[in-house]
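Enquirer: Fold the following, please.
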Amino acid sequence: MDEFFCQIEDIRNSIDKIDSNVAEVKKLYSVILSAPTSDQKTQDDLEAITNDIKKMANNARNKLKTIERNLESEEQERVSADMRIRKSQHAVLSRKFVEVMTKYNEAQVDFRERSKGRIQRQLEITGKATTDEELEEMLESGNAAVFTAGIVDSGISKQALSEIESRHKDIVRLESSIKELHDMFVDIAMLVESQGGMIERIESNMDQSVGFVERAVADTKKAAKFQQEARRVSAHMVRINPDLHLVTCDDPPTPPSAVFLILHPLVLCALKTPQYPQYQDHLLQPTKTTTHKLTHTHFTHFTLNSFFPLLSLQLTLSPFTDSSW
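Expert: Coordinates of the predicted model:
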């Protein structure tokens, strides 16, 4: 399995490098189209990158085909889980390879169309207007003379004539590159087409995994928020010691002006304040934790009545003063 993943990683690196080179090719295409005539250095750089793409693409295609043959021959020998992993890795890389090569092909076609448009405009300037069909016939002939025939002596500038010839050469080189990659591209594209069902399942599983991760992140943020709130509350938590005096869990340096009485829903307590009817509305609901912020002057004769029949607990808190801290 380690050897298989080494092959997969090698193919993935090649595809990533091809993708990077395609981006460079697009930049060089823009440079060529923006200049009246392309300089030799730009052409050399373009040719070098194009050769690298062709070499790496052939290498990646051959390795993908080798893996495909191995999967077919070993399908009965390997356990289903191992085979599924291998097939899914192969399918994903094949799909990625086709996507990168499609991007490269689209860049080439766009460059060809724009170069053809430049030739057509220069011909119009010379008074030799051509239709798209006529221009295609000229390009297919592969002979630059058909573009300049009859217009050399028409007073056309050497710059315009040079641009026509330069654009024609660009298109000839480009079409040669497209033809070299055509068979390889079709071969892998057909392979991906045959794996369509598997790739769709892989993408569906990836989408579900992304959804699970997003929900997990949201739940983690909620948990962190709840933990922070719990820590803030615990800093002011009140507990009752055996002799029924209120003391705090921490030891504050100065007497606080308020304490927090935390009543958990499992205790199901009700806060009764006979001497302070304004607090009668604060009967605790058994469905949620309730926090009451009360100043120390209110802790006179509060009573905590348990609603548990078996406990039947009643506590009367002693008066709370600053000396209790």
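
Enquirer: what number of residues lie near Ile15?
Expert: Using other Cβ atoms under 10 Å, Ile15 is surrounded by 22 other residues. Glycine gets a C-beta too; all of them are placed from N, C-alpha and C.

Enquirer: was I right about it contacting Ser94?
Expert: No. Contact status for Ile15 versus Ser94: not in contact, 9.9 Å apart, counting by Cβ atoms under 8 Å.

Enquirer: Identify the single longest helix in the chain, thanks.
Expert: The helix spanning the most residues in the chain, taking DSSP state H as the definition, is helix 80-125.

Enquirer: Mind giving me the packing neighbours of that one?
Expert: For helix 80-125, the contact count by 3 or more Cβ pairs under 8 Å, 6 or more residues apart in numbering; DSSP states H and E identifies helix 2-34, helix 40-74, helix 132-141, helix 158-194, helix 196-234 as packing neighbours.

Enquirer: For Tyr29, give its distance to Ser176.
Expert: 16 Å (Cβ to Cβ, to the nearest Å).

Enquirer: Which one's more surrounded, the two?
Expert: The residue with the greater number of neighbours, taking Tyr29 and Ser176 and applying other Cβ under 10 Å, is Tyr29; the counts read 22 against 11.

Enquirer: Might you report the residue contacts of the more buried one?
Expert: Listed by Cβ atoms under 8 Å, 6 or more residues apart in numbering, the contact partners of Tyr29 are 46, 107, 110-111.

Enquirer: separation between it and Gln40?
Expert: 16 Å.

Enquirer: ok, now Thr131?
Expert: The spacing between Thr131 and Gln40, counted by Cβ to Cβ, is 33 Å.

Enquirer: What residue spans form the domains of this structure?
Expert: Domain assignment of the chain by automatic domain parsing yields the ranges 2-207, 238-324.

Enquirer: By mean pLDDT, show me the worst of the ones you listed.
Expert: Of all these, domain 238-324 carries the lowest average pLDDT, namely a mean of 39.

Enquirer: The nearest residue to Lys87 once chain neighbours are set aside: what's it in contact with?
Expert: Distances taken as Cβ to Cβ, 6 or more residues apart in numbering put Leu71 closest to Lys87, at 6.1 Å, once the chain neighbours are dropped. Contact partners of Leu71, counting by Cβ under 8 Å, 6+ apart, are 83, 86-87, 90.

Enquirer: burial of the closest residue to Phe185 other than its chain neighbours, as a residue count?
Expert: Closest residue to Phe185 apart from its sequence neighbours, by Cβ to Cβ, 6+ apart: Met101 at 5.3 Å. Using other Cβ under 10 Å, Met101 has 23 neighbouring residues.

Enquirer: Quick check: Met101 vs Glu193, distance?
Expert: Met101 is 14 Å from Glu193, where distance means Cβ to Cβ.

Enquirer: Asp187 too?
Expert: Asp187 is 11 Å from Glu193, by Cβ to Cβ.

Enquirer: rewinding a little: need the buried ones from the contacts of Leu71 selected in PyMOL.
Expert: Here is the PyMOL command that selects the buried residues among the contacts of Leu71 (16 or more other Cβ atoms under 10 Å):
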select buried, resi 86+87+90
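
Enquirer: how about the CA coordinates for stretch 102-113, as PDB?
Expert: Output of stretch 102-113 as PDB, limited to C-alpha atoms (Å, rounded to 0.1, in the frame of the first residue of the first chain):
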ATOM      1  CA  THR A 102      -8.900  21.100 -20.100                       C
ATOM      2  CA  LYS A 103      -7.800  24.400 -18.700                       C
ATOM      3  CA  TYR A 104      -4.600  24.200 -20.800                       C
ATOM      4  CA  ASN A 105      -6.600  23.400 -23.900                       C
ATOM      5  CA  GLU A 106      -9.000  26.200 -23.300                       C
ATOM      6  CA  ALA A 107      -6.000  28.600 -22.900                       C
ATOM      7  CA  GLN A 108      -4.600  27.400 -26.300                       C
ATOM      8  CA  VAL A 109      -7.900  27.700 -28.100                       C
ATOM      9  CA  ASP A 110      -8.400  31.200 -26.700                       C
ATOM     10  CA  PHE A 111      -4.900  32.200 -27.800                       C
ATOM     11  CA  ARG A 112      -5.600  30.800 -31.300                       C
ATOM     12  CA  GLU A 113      -8.800  32.800 -31.700                       C
END
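
Enquirer: Please consider this matter closed, and thank you.
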